[in-house]
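**Q** sequence first, predicted model second:
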Amino acid sequence: MTMLRMTKALRVAIYARYSSDIQNPASVADQVRLCRELVKTRLDAATVVRVCEDAAISGSTMDRPGLTALLTDVIDGRIDLVVAEGLDRISRNLSDMARIHNICRNANCRIFTSHEGEVSDLHVGFKGTMNALFLHDLKEKIRRGHESSVLDGRVAGSKAYGYRPVRGVMDERGRYQNGLREISEPEATVVRRIFQLVAEGVPVRTIVRILNDEGIPSPGGKEWGAPSIIGSRSRQAGILNNELYRGRIIWNRTKRIVDPRTGKARYEPNPASEYVISEVPELRIIDEELWQRAQAMRNKARAVDGKRGGRPRMNPDLGHAPGNRAFALTGLVRCGSCGGLKTLANAGRYVCDRHRKTHGCSNARGTREDVIAERLFPALISDLHAITDLKETVQSMVEEADRERRKREAEIEVLRGRVRRLIEMTELARVHVEAPAKRIGELETRIHELEDGSVTPALDLSEREMKDVLARALAEIAGHMTERHFTGPVRNALAKIVENVTLTPIPDSRSGEEIEFSFKVDGWAALYCHLFSFWPGVDRTEFEAR
């Protein structure tokens, strides 16, 4: 058994990975244990300083948190040797493996594995090719297996609502068969009811309310929502799009395409000629006549909505209503009945989200934003006059901000050094530059986030003068409440001081809500510091001249 010898103490990073969530998570721990033993027995003067792991992530992509952290340490010169069980744990993609090897080589970092020993160019070329072929063959085998399952009347996918899996059935070769289904009658009854109501023209939101009022669990076991029923036609997602209910298994509707630059996947529809279809009348829940009536009603609703102008889209009664714009109190208003968020809905009123979407809350009342504002600002002024430790708290916040600023400046210097080294290594590598360029962009984005453009607030004012500043700022904020281009600054300023606004139905009344305000403990000091950096209505020159 050969030893890998160096003239200096080796700083070792261990890398471990397993591919899918159906594999044993202990696989990573086993790999790490093997690598530690490898370091102990076969590497001379080596110390493990870092362990990087990726659980349930394919080796065909570079977009892995553990691998990214490992390469960052390599580039920054903190690692001398990378140890793994095998090259296939590091990457199964030939070009990615070559890129990783070049990055390590340019940083004077070696790769050592239990299977290959010290990794050379020959290993990368040969093993990388074998791993790439393995991935290609594996994909083809999975595709053939799925196609065979569908042609045999088995489902190549997860369990759909209305069915339960059949376990323990073996084929003629004694192998357990996956993908067998049978109808679950309690759920099938709900499916038939949904299709019948849709065919009769009942809006999906009404169906959702009916199911939730009756306490019927959704496919996920919680409350029903419109997306569970409507879904996506192109992906055959959602109850109304699942052709298994009419006795047909359709597979290969979409193809998965991975961007080689980012490793991110997208799905694109396949032409109908590539679909694999199998008739399974024994799994039919909906007869053909009811299926066609329900689809015709959906198409009618879509066509009617398309005539109203703009691109055709689902009728809000049958799907998602267009999203509301953000308003000054968005995220701050709560329902006093269920504690959930209230958002602007019809007639500009804040209405309980849970009531609107699932009818899981009985509070159907709403209150306009201007009504809330009429009471909010007098309450804010009253609370402002009542506080007694404003100057003390502001001073404490400024000191803390100074400490944080110094930490950010130190981190910025470190990040700028990494950017410089990455640029130098990219120029030396003479290989694909997409990954380093992406990393440089990420680092520069982080630097931009850390750069502090805030202004130190005036500290030489008395407490009364500080309160005057806040009172004038409140007047500015109130004056801009209804101006949409000021929505962001108004909302950010109010969020500094307002914990929440609670709207509760007035007891023994058929309409109206009680309005209750809750303010943050150190909110006024936070708002005071915030004003000098972000609020456009504050004149800083008056205070900077003092």
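**A** Everything's here; your move.

**Q** tell me how many other residues crowd V204.
**A** Other residues within reach of V204, judged by other CB atoms under 10 Å, total 28. (C-beta placed from N, C-alpha, C; glycine too.)

**Q** that one touches S228, doesn't it?
**A** No - under the criterion of CB atoms under 8 Å, V204 makes no contact with S228, lying 9.6 Å away.

**Q** pLDDT wise, what is the residue nearest to A9 when sequence neighbours are not counted at?
**A** Here the nearest residue to A9 in space, its sequence neighbours aside, is A45; by CB to CB, 6 or more residues apart in numbering that works out to 4.9 Å. The predicted structure scores A45 at 76 on the pLDDT scale.

**Q** ok, now I22?
**A** I22 is assigned 43 on the pLDDT scale.

**Q** before we move on, what about N315?
**A** pLDDT for N315: 37.

**Q** do R406 as well
**A** Confidence at R406, expressed as pLDDT, is 80.

**Q** roughly how far does it sit from L450?
**A** Taking CB to CB, to the nearest Å as the measure, R406 falls 12 Å from L450.

**Q** what is the one helix or strand P489 maps to packed up against?
**A** With the criterion set as DSSP states H and E, the secondary-structure element containing P489 is helix 487-497. Contacts defined by 3 or more CB pairs under 8 Å, 6 or more residues apart in numbering; DSSP states H and E place helix 487-497 against helix 463-479, helix 523-534.

**Q** please identify the most buried of these.
**A** Burial among these, expressed as mean neighbours by mean count of other CB atoms under 10 Å, is greatest for helix 523-534, which shows a mean of 21.

**Q** after the helix or strand containing R164, next one along is what?
**A** Secondary structure assigned from DSSP H and E places R164 in strand 163-165. Sequence-wise, the next helix or strand beyond strand 163-165 is strand 181-183, with elements assigned using DSSP H and E.

**Q** got the buried residues for the next helix or strand after that following strand?
**A** Following the chain from strand 181-183 toward its C-terminal end, the next helix or strand by DSSP H and E is helix 185-199. Using 16 or more other CB atoms under 10 Å as the burial criterion, the residues of helix 185-199 that qualify are E187, A188, V190, V191, R192, I194, F195, L197, V198, A199.

**Q** OK, contacts around E483?
**A** Listed by CB atoms under 8 Å, 6 or more residues apart in numbering, the contact set of E483 is empty.

**Q** let the chain start at 19 from now.
**A** Taking 19 as the first residue, the last one we looked at is E501.

**Q** so it versus I495, what's the distance?
**A** When CB to CB is the yardstick, E501 and I495 sit 11 Å from each other.

**Q** what's the residue nearest to A27 sitting at in phi/psi?
**A** For A63, the backbone dihedrals (degrees, to the nearest 10) come out as phi 50, psi 50.

**Q** start to end distance for stretch 299-309?
**A** 14 Å (CA to CA, to the nearest Å).

**Q** hang on, isn't R68 packed against T90?
**A** No - in this structure R68 lies outside contact range of T90 using CB under 8 Å: 10.3 Å.

**Q** the stretch 369-518 of the chain: helices as residue ranges?
**A** Shown for the stretch 369-518 of the chain, the helices assigned by DSSP state H, counting those that start in this stretch span residues 371-376, 387-404, 408-447, 452-468, 481-497, 505-515.

**Q** between the longest one and helix 541-552, what angle do the directions make?
**A** It refers to helix 408-447. Taking axes from the mean of the first three to the mean of the last three CA atoms, to 10 degrees, helix 408-447 and helix 541-552 form an angle of 50 degrees between their directions.

**Q** returning to that earlier point: now what about the strand holding R182, what contacts it?
**A** Under the contact criterion CB under 8 Å, 6+ apart, strand 181-183 has outside partners V173, K177, L198, R199, E200, I201, S202, E205, L262, L301.

**Q** now, which of these sits nearest A419?
**A** Proximity of the contacts of strand 181-183 to A419 (CB to CB) peaks at K177, which lies at 53.1 Å.

**Q** now the strands: where do they sit in the stretch 219-368 of the chain?
**A** With DSSP state E, counting those that start in this stretch, the ranges of strands along the stretch 219-368 of the chain come out as 266-269, 272-276, 283-287, 294-297, 351-353, 360-362, 367-370.

**Q** give me the domain ranges for this protein.
**A** Segmentation of the chain into domains, based on automatic domain parsing, reads 28-155, 199-324, 341-428+473-564.

**Q** name the stretch among the ones you listed that sits most buried.
**A** domain 28-155 (a mean of 18).

**Q** roughly how far is that one from the heart of the chain?
**A** Centre-to-centre, domain 28-155 and its host chain are 27 Å apart (CA atoms, centre = their mean, to the nearest Å).

**Q** gap between D98 and V30?
**A** 7 Å.

**Q** check G233 too.
**A** Going from G233 to V30 by CB to CB gives 57 Å.

**Q** do the same with P523
**A** P523 sits 64 Å away from V30, taking CB to CB as the criterion.

**Q** before we move on, the earlier item: for the buried residues of helix 203-217, give me a markdown table that also has distance to E292 and pLDDT.
**A** Supplementary listing: the buried residues of helix 203-217 in a markdown table, determined by distance: CB to CB, whole Å; pLDDT from 0 to 100:
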| residue | distance to E292 | pLDDT |
| --- | --- | --- |
| E205 | 31 | 90 |
| A206 | 30 | 89 |
| V208 | 33 | 90 |
| V209 | 28 | 90 |
| R210 | 31 | 91 |
| I212 | 30 | 91 |
| F213 | 28 | 91 |
| L215 | 34 | 89 |
| V216 | 29 | 88 |
| A217 | 31 | 88 |
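
**Q** closest one of the residues you listed to H141?
**A** When the buried residues of helix 203-217 are ranked by distance to H141 (CB to CB), E205 comes first, at 53.1 Å.

**Q** can you tell me the closest non-neighbouring residue to that closest one?
**A** Nearest residue to E205, sequence neighbours excluded (CB to CB, 6+ apart): G180, at 4.5 Å.
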